[in-house]
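A.B. asks: I would like to see how this sequence folds:
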Amino acid sequence: MSLLFNCQMLLGQCENSSFEIYNIGDSETIDPAEAICVSGEILELRATPLGGSFQGPGIISDTLFHPDIAGVGVHQLLYYFNVDTTRCIDTLEVTVSGPTIRVLLEPDGPEVIGSVCESTPPLYLEGTPGGGRFNGIGISPNSNIFDPAVAGAGTHTVFCTYTDNEGQGCTSQIEIIVVDSPSFGFYSAPSLVLPDNIDICTSHRNILLLGTPSGGEFSGPGVNGDLFEPNTAGGGTHEITYTLNNQICQGGLVKEITIIEGPEIRVLLGENGPEIMEGDSIACELLYLENVIPGDNLFLIFEGEDEEDYFELNLLSNIIDPSMLEPGDYTIIYIDEEDSGCISLKTLRIIGCSTQTASLDESENLFRLLPNLIKRGETMSIQSTGEYLIQAYALYKLTGELVQNEKDLRQANIQLSTENVTKGIYVLQLQIKDQIVNKKLVVY
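C.D. replies: Down below sits the predicted model:
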């Protein structure tokens with residue numbers, strides 16, 4: 001029987017093609033409307049025009065279809081081929097059948113999902129359609145009873161064979177995992193397990209707790225449901241307990257996890273002033289950072305409501321001048337590579353200066369700075385807005401170090417390159433008319 005299918009037209013007109021399934025080495029096609037046994041032989045896919053490729057569940061080595069890998073269900077197989085420059089797709093729908101197997105706590109349920117313990121009472125196997133025969137390690141002869149204690153710890157394959165009225169048999173299989181006792185692991189992500197002996201920092205993101213068998217409860221410092229919160233637990237070695245007390249398994253397991261505290265960032269208002277606490281609002285006075293080493297591992301991050309408002313600066317000094325920052329929420333991040341290896345964080349809210357000098361107010365109409373937040377390597381434009389020319393400029397670090405300057409310009413428009421400027425916050429000093437004006441410049 002030859003079956004023809006119309007192609008999906010992606011670009012232009014695709015020609016008709018044939019897409020068929022055969023027993024390997026056979027010349028007679030298999031009717032895809034008839035179910036294929038999940039434990040049946042590997043089948044061969046053929047299609048025209050030649051030169052395309054097959055994709056879909058159970059397809060291995062491009063042209064071979066494995067019913068057992070595809071599993072019980074209805075599957076759509078795809079054949080991709082080209083007609084000139086047009087990409088075409090042909091489809092073939094196949095049905096893989098076989099008895100379905102469920103594992104039950106009792107003859108009529110409930111169903112067991114996941115692993116079980118050796119101490120779990122004998123479980124009941126249910127096959128659909130009924131009348132199938134079960135076999136495998138841990139299964140009593142001529143019965144549908146699986147005993148975890150007999151099977152022992154490990155992964156066990158259970159088979160169910162169903163024979164139809166014509167004497168044709170079809171076999172399905174499932175795996176049952178038996179553990180000797182409850183266990184659990186620490187996960188940085190659902191598929192990324194952490195070693196049991198790992199030390200983590202208080203700044204580490206929350207850790208996922210996954211227990212086997214599922215359904216138990218976690219307890220201990222920093223535990224919130226199935227999450228462990230290192231910052232809540234605090235520094236030290238903590239015991240985390242996983243306890244199961246149900247029909248599937250009873251028992252518990254205790255593991256230790258060690259939390260390391262990174263250095264606490266202290267922010268002082270003024271060199272000898274009071275300490276700024278987490279989330280405090282700050283106006284104009286200089287801030288001094290303690291317990292940090294300025295350099296490549298010290299950052300100041302601003303993240304506004306819009307993505308373009310985000311910038312990250314290396315702090316090469318332990319002094320922060322709030323008057324040079326836009327109002328908003330900032331985070332100080334310090335990576336303590338030399339000692340603990342941990343990351344410390346501190347948040348600040350800059351509310352801006354409440355007053356400005358008269359000379360600065362008057363200078364607002366003298367020039368435009370485009371922009372004052374600039375990416376390293378780009379060029380900034382400084383434009384005079386009136387009859388007065390820019391006579392000179394100087395660029396300073398917050399520490400007072402001169403980075404670059406030019407005198408005797410007398411230009412209405414100058415270009416300042418940041419190609420040789422490191423990331424950071426700078427003071428741009430301009431001489432216009434008879435005034436000296438200081439402006440903030442952020443290079444990120």
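
A.B. asks: Which residues does stretch 121-136 contact?
C.D. replies: Identification of contacts with stretch 121-136 by Cβ atoms under 8 Å, 6 or more residues apart in numbering yields 99-107, 112, 116, 139, 142-148, 156-163, 172, 176, 247. Bear in mind the C-beta positions are built from the backbone N, C-alpha and C, glycine included.

A.B. asks: Stretch 189-205 too?
C.D. replies: Against stretch 189-205 from outside (Cβ under 8 Å, 6+ apart): 185-188, 207-208, 210, 230-231, 233-235, 255, 257-262, 340-345.

A.B. asks: Counting neighbours, which of those residues end up buried?
C.D. replies: 185-187, 207-208, 230, 233, 255, 257, 259-262, 340, 342-345 (16 or more other Cβ atoms under 10 Å).

A.B. asks: What score does the nearest residue to T95 once chain neighbours are set aside have for pLDDT?
C.D. replies: Using Cβ to Cβ, 6 or more residues apart in numbering and skipping residues adjacent in sequence, the residue nearest T95 is A35, 4.7 Å away. On pLDDT, A35 comes in at 88.

A.B. asks: What count of nearby residues applies to A35?
C.D. replies: The number of residues packed near A35 is 16, by other Cβ atoms under 10 Å.

A.B. asks: unless I'm mixing things up, it is touching H75, no?
C.D. replies: No - A35 is beyond contact range of H75, at 11.5 Å (criterion: Cβ atoms under 8 Å).

A.B. asks: Poorly predicted segments of the stretch 251-400 of the chain, please.
C.D. replies: 278-279, 304-310, 352-373, 385-386, 398-400 (pLDDT under 70).

A.B. asks: Which residue ranges of it form helices?
C.D. replies: 358-363 (DSSP state H, counting those that start in this stretch).

A.B. asks: just the strands in it please.
C.D. replies: Using DSSP state E, counting those that start in this stretch, the strands of the stretch 251-400 of the chain run over 266-269, 275-276, 281-282, 287-290, 298-302, 311-314, 319-320, 328-335, 343-350, 367-370, 373-374, 379-384, 390-397.

A.B. asks: Can you lay out these as TSV showing distance to Y80?
C.D. replies: Shown next, in TSV, are the strands of the stretch 251-400 of the chain (distance: least, Cβ to Cβ, whole Å):
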stretch	distance to Y80
strand 266-269	60
strand 275-276	62
strand 281-282	61
strand 287-290	59
strand 298-302	46
strand 311-314	44
strand 319-320	58
strand 328-335	48
strand 343-350	47
strand 367-370	52
strand 373-374	48
strand 379-384	49
strand 390-397	59
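
A.B. asks: Looking at those, which is nearest to E20?
C.D. replies: strand 311-314 (58.8 Å; Cβ to Cβ).

A.B. asks: which parts of the closest one are buried?
C.D. replies: 311, 313.

A.B. asks: Kindly format the C-alpha coordinates of that strand as PDB.
C.D. replies: The C-alpha trace of strand 311-314 is given here as PDB (Å, rounded to 0.1, in the frame of the first residue of the first chain):
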ATOM      1  CA  PHE A 311      25.200  50.500  34.700                       C
ATOM      2  CA  GLU A 312      28.100  48.900  36.600                       C
ATOM      3  CA  LEU A 313      31.200  50.600  37.800                       C
ATOM      4  CA  ASN A 314      34.500  49.400  39.200                       C
END
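
A.B. asks: Neighbouring strands of that strand in the sheet, and parallel or not?
C.D. replies: strand 298-302 (antiparallel) (DSSP bridges).

A.B. asks: relative orientation of the strand it pairs with and strand 328-335 in degrees?
C.D. replies: In terms of direction (axes from the mean of the first three to the mean of the last three Cα atoms, to 10 degrees), strand 298-302 departs from strand 328-335 by 160 degrees.

A.B. asks: distance between strand 298-302 and the chain's centre?
C.D. replies: 23 Å (Cα atoms, centre = their mean, to the nearest Å).

A.B. asks: Alpha carbons of it, in CSV - could you do that?
C.D. replies: Extracted as CSV, the C-alpha positions of strand 298-302 are listed here (Å, rounded to 0.1, in the frame of the first residue of the first chain):
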residue,chain,number,x,y,z
LEU,A,298,34.6,46.2,44.1
PHE,A,299,31.6,47.3,42.1
LEU,A,300,28.8,49.9,42.3
ILE,A,301,25.6,48.9,40.4
PHE,A,302,22.6,51.0,39.5
